[in-house]
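S.K.: Sequence first, predicted coordinates after that:
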Amino acid sequence: MAIWKEFKEFISQGNVIGLAVAVVLGGAFGLVVASFTHDILMQLIAAIGGKPDFSNLRFTLNGAEIRYGNFLTAVVSFFIVALALFTMVKGINRLQGLRRKKEEAAQKAQAPQETEVDLLRQIRDALAQRRTV
């Protein structure tokens, strides 16, 4: 019974739930990237180069068939995922930077601004304190 309670506590922690959400979203993102690669990008490459599918690219070496077309498709998919993630992270960083600048500006606006008179008073008080010591 104690194991069940520990398991429930472990599962209800935020980091486990966040990880589960990330895995599901990652899987869905992978499907979108695969569809983009095969259904759009490869078709554009076919329009330019004449072959819509790299999987037929192969050669024979000492009787062994080397199918490098699938590898090329995987490489193209990898670069698309990397570019998408780079773009997403760069956008998130930009948004966080903008938010941070807004917060700093708001803090500056809320902070009381010292005037020349305030600075002169501080100097006067410091000099008066020195004379008494």
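M.R.: Looks like it came in fine.
S.K.: Only C-alpha atoms, please: export stretch 109-127 in CSV.
M.R.: Taking C-alpha atoms only, stretch 109-127 is exported to CSV below (Å, rounded to 0.1, in the frame of the first residue of the first chain):
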residue,chain,number,x,y,z
ALA,A,109,9.0,54.2,-13.8
GLN,A,110,7.9,53.2,-10.3
ALA,A,111,11.2,54.0,-8.7
PRO,A,112,11.3,57.5,-7.3
GLN,A,113,13.6,59.7,-9.4
GLU,A,114,16.2,61.6,-7.5
THR,A,115,16.3,65.3,-8.3
GLU,A,116,19.3,67.6,-8.1
VAL,A,117,18.0,69.0,-4.9
ASP,A,118,17.9,65.5,-3.4
LEU,A,119,21.5,64.9,-4.4
LEU,A,120,22.6,68.2,-3.0
ARG,A,121,20.9,67.4,0.3
GLN,A,122,22.7,64.0,0.4
ILE,A,123,26.0,65.8,-0.2
ARG,A,124,25.2,68.4,2.5
ASP,A,125,24.3,65.6,5.0
ALA,A,126,27.4,63.7,4.2
LEU,A,127,29.6,66.7,4.7
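S.K.: pLDDT averaged over that stretch - what is it?
M.R.: The pLDDT scores in stretch 109-127 average 83.
S.K.: What lies in contact with stretch 63-82?
M.R.: 29-30, 33-34, 36-38, 41-42, 53-60 (Cβ atoms under 8 Å, 6 or more residues apart in numbering). All C-beta spots, glycine's among them, are computed from the backbone N, C-alpha and C.
S.K.: mind listing what's buried in that stretch?
M.R.: 73, 76, 77, 80, 81 (16 or more other Cβ atoms under 10 Å).
S.K.: Let's verify the last one: helix, strand, or coil?
M.R.: If I follow you right, that is residue 81. helix (DSSP: H, G, I helix; E, B strand; the rest coil).
S.K.: Within the helices and strands, which one has the residue nearest the centre of the chain?
M.R.: With distances taken as Cα atoms, centre = their mean, the residue of the chain nearest its centroid is residue 89 (2.9 Å). Assigned by DSSP states H and E, residue 89 belongs to helix 68-110.
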